[in-house]
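*Asks:* My questions concern the predicted model and sequence given below.
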Amino acid sequence: MVQLSSEQLAELLIGIARAQTAVIQGIESAMPGTRMQHILPQIQNAAHLRDHPDPTLADLPSRVLLAAQGRIPPDPAAVARELERLLGAR
(Lines give C-alpha, C1' and ligand atoms only; values in the text may rest on other atoms or scores of the structure.)
Protein backbone atom coordinates (compact mmCIF):
# COMPACT_ATOMS: atom_id res chain seq x y z
CA MET A 1 0.00 0.00 0.00
CA VAL A 2 1.28 3.47 -0.87
CA GLN A 3 1.64 5.90 2.00
CA LEU A 4 1.51 9.57 1.11
CA SER A 5 3.28 12.22 3.13
CA SER A 6 1.39 15.33 4.14
CA GLU A 7 3.39 17.28 1.53
CA GLN A 8 2.39 14.84 -1.21
CA LEU A 9 -1.24 14.93 -0.16
CA ALA A 10 -1.13 18.74 -0.12
CA GLU A 11 0.25 18.75 -3.67
CA LEU A 12 -2.50 16.36 -4.74
CA LEU A 13 -5.22 18.56 -3.20
CA ILE A 14 -3.77 21.64 -4.89
CA GLY A 15 -3.60 19.82 -8.23
CA ILE A 16 -7.24 18.79 -7.94
CA ALA A 17 -8.15 22.38 -7.06
CA ARG A 18 -6.32 23.60 -10.20
CA ALA A 19 -8.31 21.18 -12.35
CA GLN A 20 -11.55 22.30 -10.72
CA THR A 21 -10.53 25.94 -11.26
CA ALA A 22 -10.05 25.23 -14.97
CA VAL A 23 -13.60 23.86 -15.15
CA ILE A 24 -14.96 26.89 -13.27
CA GLN A 25 -13.10 29.24 -15.63
CA GLY A 26 -14.55 27.40 -18.62
CA ILE A 27 -18.06 27.79 -17.25
CA GLU A 28 -17.37 31.46 -16.50
CA SER A 29 -16.19 32.10 -20.06
CA ALA A 30 -19.34 30.47 -21.45
CA MET A 31 -21.70 32.14 -18.96
CA PRO A 32 -20.20 35.36 -17.54
CA GLY A 33 -21.12 36.08 -13.94
CA THR A 34 -21.80 32.46 -13.07
CA ARG A 35 -18.70 32.10 -10.90
CA MET A 36 -19.44 35.02 -8.59
CA GLN A 37 -23.20 34.57 -8.44
CA HIS A 38 -23.54 30.81 -8.24
CA ILE A 39 -20.35 28.80 -7.99
CA LEU A 40 -18.31 30.64 -5.33
CA PRO A 41 -21.18 30.92 -2.84
CA GLN A 42 -21.69 27.15 -3.07
CA ILE A 43 -17.99 26.45 -2.54
CA GLN A 44 -18.02 28.81 0.46
CA ASN A 45 -20.98 26.88 1.89
CA ALA A 46 -19.12 23.60 1.40
CA ALA A 47 -16.05 25.07 3.11
CA HIS A 48 -18.10 26.01 6.19
CA LEU A 49 -16.32 29.37 6.43
CA ARG A 50 -18.83 30.78 8.90
CA ASP A 51 -19.50 27.59 10.87
CA HIS A 52 -15.89 26.45 11.42
CA PRO A 53 -13.22 29.13 11.70
CA ASP A 54 -10.67 26.30 11.88
CA PRO A 55 -11.22 23.90 9.00
CA THR A 56 -12.07 20.28 9.52
CA LEU A 57 -10.66 17.58 7.28
CA ALA A 58 -13.91 17.63 5.26
CA ASP A 59 -13.69 21.42 4.82
CA LEU A 60 -10.06 21.52 3.69
CA PRO A 61 -10.54 20.56 -0.01
CA SER A 62 -13.16 23.28 -0.46
CA ARG A 63 -10.90 25.81 1.25
CA VAL A 64 -8.02 24.84 -1.03
CA LEU A 65 -10.34 25.30 -4.03
CA LEU A 66 -11.35 28.75 -2.75
CA ALA A 67 -7.69 29.67 -2.37
CA ALA A 68 -7.07 28.51 -5.94
CA GLN A 69 -9.70 30.99 -7.13
CA GLY A 70 -7.62 33.94 -5.94
CA ARG A 71 -4.61 35.62 -7.44
CA ILE A 72 -2.18 33.92 -5.07
CA PRO A 73 -2.21 30.11 -5.43
CA PRO A 74 -2.50 27.90 -2.36
CA ASP A 75 0.76 27.36 -0.50
CA PRO A 76 1.66 23.65 -0.42
CA ALA A 77 3.57 24.06 2.86
CA ALA A 78 0.56 25.71 4.55
CA VAL A 79 -1.78 23.01 3.27
CA ALA A 80 0.64 20.31 4.50
CA ARG A 81 0.78 21.94 7.95
CA GLU A 82 -3.01 22.05 8.08
CA LEU A 83 -3.18 18.38 7.08
CA GLU A 84 -0.72 17.46 9.81
CA ARG A 85 -2.78 19.41 12.34
CA LEU A 86 -6.00 17.75 11.23
CA LEU A 87 -4.54 14.26 11.06
CA GLY A 88 -2.72 14.61 14.36
CA ALA A 89 0.69 13.89 12.82
CA ARG A 90 3.77 14.84 14.77
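*Replies:* That came through fine. This structure is a prediction, so every number in the text was calculated from the model and none was measured.
*Asks:* Tell me how far the residue most central in space within the chain lies from Ala30.
*Replies:* Centroid-nearest residue in the chain: Val64, 1.8 Å away (criterion: C-alpha atoms, centre = their mean). Computed as C-beta to C-beta, to the nearest Å, the Val64 to Ala30 distance reads 24 Å. Bear in mind the C-beta positions are built from the backbone N, C-alpha and C, glycine included.
*Asks:* What about Ala80, how many residues nearby?
*Replies:* Neighbours of Ala80 under the rule other C-beta atoms under 10 Å: 20.
*Asks:* Sketch out the low-pLDDT regions of this protein for me.
*Replies:* The model of the chain has pLDDT under 70 over residues 89-90.
*Asks:* moving C-terminal of the one helix or strand the residue nearest to the centre of the chain maps to, what's the next helix or strand?
*Replies:* In the assignment (DSSP states H and E), Val64 maps to helix 60-68. Per DSSP H and E, the first helix or strand lying C-terminal to helix 60-68 is helix 76-87.
*Asks:* List the buried residues of that next one.
*Replies:* Pro76, Val79, Ala80, Glu82, Leu83, Glu84, Leu86 (16 or more other C-beta atoms under 10 Å).
*Asks:* Would you reformat those residues as JSON lines and include distance to Ala10?
*Replies:* Shown next, in JSON lines, are the buried residues of helix 76-87 (distance: C-beta to C-beta, whole Å):
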{"residue": "Pro76", "distance to Ala10": "5"}
{"residue": "Val79", "distance to Ala10": "4"}
{"residue": "Ala80", "distance to Ala10": "4"}
{"residue": "Glu82", "distance to Ala10": "8"}
{"residue": "Leu83", "distance to Ala10": "6"}
{"residue": "Glu84", "distance to Ala10": "9"}
{"residue": "Leu86", "distance to Ala10": "11"}
